[in-house]
Structures are given as C-alpha cells and as structure tokens.
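Colleague: 3D model of this:
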Amino acid sequence: MRALILLWLLLPIPVQAAILRPITELRGPIIRLSDLFDDLGTAPDRPLGTAPSPGGRLVVEAPQLAAIARQFAVAWKPASNADRIVLERPGRPLARDPALLALRAALAATGVGDECDITLDGFASPLVPVDSDAVPLLKTPLILR
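Modeller: Below is the predicted model:
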C-alpha cells in the first residue's frame, strides 16, 4: 500500500493548460495575450501588437498561435492545423452631423461665414470604435479657390 501511495506522489502533476478562445471582441487598439488565451496560468498578460481598425477582423492560424505560445511561455499547443482565433474590433459609423460641424469650423477658420450651405454628396462615414466619442478633425488645412 505504501508503495502505491509513494508511486502516486511521484507521478507528474498535470499542468493547467491555457485555453484558446475561438473568437474575441477587442475593445481597444492593442491585442493582448489574454485576447487569445484563457487561463494563462503564470504567463504574464503581454501586449502582442496593434488591433485591426474599428470594424475590422484578424484571423490568427495555428502555426502563428503556436509560435506566440512558445515565445510567451503559454502552456498551449494546437490540437490540429484547424485551430485558429478570430479577433474582431467592433465599429460604428461616425455620424454625419459631427463631420459637418468639423467642416464648418475649418471653413470658419478660413473666413467663410456661417451663412454658407454645405453639401456632402457621397459622404462615406468612417468607422470609429463603438465606445468612442470621437470628434472629427481635419488633418490638412482647407484651401479655398
């Protein structure tokens, strides 16, 4: 009986393996190790890179996941080449009114009065982060001819 207990005590204790998430909704501009795996164990949560733009998605396949797990000492190995994770960053369209306000402010800075009418034919609203209260800015000065 003692031999069985001693043998049982000498058996290796299984290490808690990390669990690959099948899909993650990103909430910020940075992809973190915890966005890929649950139960990281003792591996620190580290930034891995830049997230896709709002409304974008990124698929990370098994070979890249295995390389990330090795690099950051995460206890995970792919079960097959079909293992992958989909990283999505939700986005919402920027409303037309804030864009008009930014354009009106830029026009006012050039001396154009408030009485002008602005028409944005074919306005394609860019996507911004869902929880953002982004205010549009014009990066280049307006040149009126």
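Colleague: pLDDT weak spots in the protein?
Modeller: 1-16, 43, 140-145 (pLDDT under 70).
Colleague: who's in contact with Leu20?
Modeller: Neighbouring residues of Leu20 by C-beta atoms under 8 Å, 6 or more residues apart in numbering: 36-37, 65, 76, 78, 83, 85. Yep, even glycine has a C-beta here, placed from its N, CA and C like the rest.
Colleague: please enumerate the helices of this protein.
Modeller: 2-10, 33-36, 62-71, 96-109 (DSSP state H).
Colleague: out of the ones you listed, which comes closest to Ser53?
Modeller: helix 33-36 (15.9 Å; C-beta to C-beta).
Colleague: helices or strands up against the closest one?
Modeller: Packing contacts for helix 33-36, counted by 3 or more C-beta pairs under 8 Å, 6 or more residues apart in numbering; DSSP states H and E, involve strand 47-50, helix 62-71.
Colleague: ok, and what's touching the longest one?
Modeller: It stands for helix 62-71. 18, 20, 33, 36-37, 48, 60, 74-78, 80-85.
Colleague: next step: these restricted to strands.
Modeller: Within the contacts of helix 62-71, residues falling in strands by DSSP state E are 20, 37, 48, 60, 84-85.
Colleague: by neighbour count, which of those residues wins?
Modeller: In terms of neighbour count, Phe37 stands highest of the ones in strands among the contacts of helix 62-71 at 25 neighbours, by other C-beta atoms under 10 Å.
Colleague: of the helices of the chain, flag the one that's most buried.
Modeller: Most buried of those, by mean neighbour count (mean count of other C-beta atoms under 10 Å): helix 33-36, with a mean of 20.
Colleague: tally of neighbours for Ala128?
Modeller: That one is not Ala; residue 128 is Val. Val128 has 20 neighbours, counted by other C-beta under 10 Å.
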